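no sequence on this one, just coordinates:
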């Protein structure tokens with residue numbers, strides 16, 4: 001039996017509903033899993049009408065009622081959005097609250113054994129703030145829901161994977177967060193995550209923080225005091241880690257095939273090469289959770305929301321990667 005993937009539609013005012021419907025129209029998704037949408041039936045009905053899709057949603061109130069019919073995908077309807085009042089492309093507290101409710105329900109499904117993994121549509125940070133939800137994104141919310149603090153984010157596209165030591169923090173604070181313990185823990189999570197993906201002995205490159213790898217301390221001591229010692233400790237634990245390697249060359253070397261993954265020190269250091277190398281196919285994986293969770297590697301794209309022009313490829317890849325991770 002193919003794995004059941006719980007697919008959350010994200011913020012209903014964004015492109016999440018659209019990329020979800022478009023993804024479920026593709027045979028590739030049905031060949032890799034049994035998709036179960038977690039969202040609002042009214043929003044999805046409006047999306048189908050917008051797209052002129054041949055799909056007709058099968059609304060259910062319990063996963064036990066799912067039929068997994070490619071012509072009529074199942075939607076576990078939370079009925080938490082007034083579709084008539086929804087304002088596409090606008091920050092909304094109600095939409096932010098709804099997007100979190102989809103995630104909570106998807107987690108419950110996996111915990112209850114009613115789904116095998118989660119693939120998430122994009123949520124909006126401003127909408128979460130408007131709804132007084134104290135999390136900046138999926139990773140932090142999922143860590144809290146699952147009571148797991150040792151988590152990080154991996155971005156993956158064709159030929160390149162990147163894991164981050166720090167994520168959603170101001171650039172001015174990054175250096176203070178680069179510690180031996182934090183870098184080592186990220187290397188450990190990366191090694192375990194890639195082994196779960198079927199890579200028996202991951203080759204891990206660890207990026208430097210400073211230009212030229214710090215130039216032996218002339219441009220900063222993070223490489224000497226934190227990153228280098230973390231790499232040495234990882235090697236002592238049996239991991240195949242190399243670094244610190246200057247960031248201006250490490251991603252090229254990974255794309256060339258020298259490494260399976262790059263551990264980046266901060267958000268943009270890792271996101272820019274991923275999105276330059278293969279934005280449309282890039283996906284996000286949360287490492288360190290007791291459940292498999294993947295996501296599209298783009299935001300709610302309010303500027304093009306509900307126009308029928310959003311690209312679904314990242315959602316397709318996220319769903320299929322979730323199925324792959326379930327199968328090891």
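Nice, I can see it. All of these numbers come straight from a predicted model, not from anything done at the bench.

Before we move on, what's the pLDDT of the most far-flung residue of the chain relative to its centre?
The outermost residue of the chain, judged against the average C-alpha position, is residue 218 (36.2 Å), by C-alpha atoms, centre = their mean. The confidence metric pLDDT takes the value 91 at residue 218.

which SS class is it?
What DSSP: H, G, I helix; E, B strand; the rest coil gives for residue 218 is coil.

State the distance from it to residue 211.
Distance, residue 218 to residue 211, by C-beta to C-beta, to the nearest Å: 10 Å. For every residue, glycine as well, the C-beta is placed using N, CA and C.

same question, residue 80
Residue 80 sits 48 Å away from residue 211, taking C-beta to C-beta as the criterion.

same check, this time on residue 37
In this view, residue 37 and residue 211 are 46 Å apart by C-beta to C-beta.

Looking at the two now, which is surrounded by more residues?
residue 37 (30 against 13; other C-beta atoms under 10 Å).

Now that one. Nearest residue, chain neighbours left out?
residue 75 (4.2 Å; C-beta to C-beta, 6 or more residues apart in numbering).

Quick one: the strands in the stretch 201-328 of the chain, in order.
Secondary structure of the stretch 201-328 of the chain (DSSP state E, counting those that start in this stretch): strands located at 203-207, 240-245, 261-264, 283-287, 292-296.

For the third one, which outside residues touch it?
To tie it back to what came earlier, the one meant is strand 261-264. When contacts are taken as C-beta atoms under 8 Å, 6 or more residues apart in numbering, the neighbours of strand 261-264 outside the stretch itself are 154, 160-165, 183, 186-187, 190, 194, 202-207, 243, 247, 250-251, 254, 270, 273.

now do 6 Å
For strand 261-264, the external contacting residues (C-beta atoms under 6 Å, 6 or more residues apart in numbering) are 161-164, 186-187, 190, 204-207, 250, 254, 270.

Neighbouring strands of that strand in the sheet, and parallel or not?
With DSSP bridges as the test, strand 261-264 is paired with strand 160-164 (parallel), strand 203-207 (parallel).

Identify whichever of the ones you listed lies nearest to residue 41.
When those are compared by C-beta to C-beta, strand 160-164 sits nearest residue 41, at 35.7 Å.

and that closest one, how far out from the chain's middle?
12 Å (C-alpha atoms, centre = their mean, to the nearest Å).

what's the answer for stretch 43-58, then?
Shown here is stretch 43-58, whose average C-alpha point lies 25 Å from the average C-alpha point of the whole chain (C-alpha atoms, centre = their mean).

ok, now stretch 94-107?
Relative to its chain's centre, stretch 94-107 lies at 16 Å (C-alpha atoms, centre = their mean).

what comes up buried for it?
Buried residues in stretch 94-107, counting neighbours by 16 or more other C-beta atoms under 10 Å, are found at 94-103, 105-107.

how about those residues in TSV, adding distance to residue 54 and secondary structure?
Compiled in TSV, the buried residues of stretch 94-107 are given as follows (distance: C-beta to C-beta, whole Å; DSSP: H, G, I helix; E, B strand; the rest coil):
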residue	distance to residue 54	secondary structure
94	30	helix
95	27	helix
96	31	helix
97	32	helix
98	26	helix
99	27	helix
100	31	helix
101	29	helix
102	24	helix
103	29	helix
105	27	helix
106	26	helix
107	31	helix
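
Would you map the strands across the stretch 1-150 of the chain?
All strands of the stretch 1-150 of the chain, identified by DSSP E, counting those that start in this stretch, fall at 4-8, 34-39, 58-60, 74-77, 117-120.
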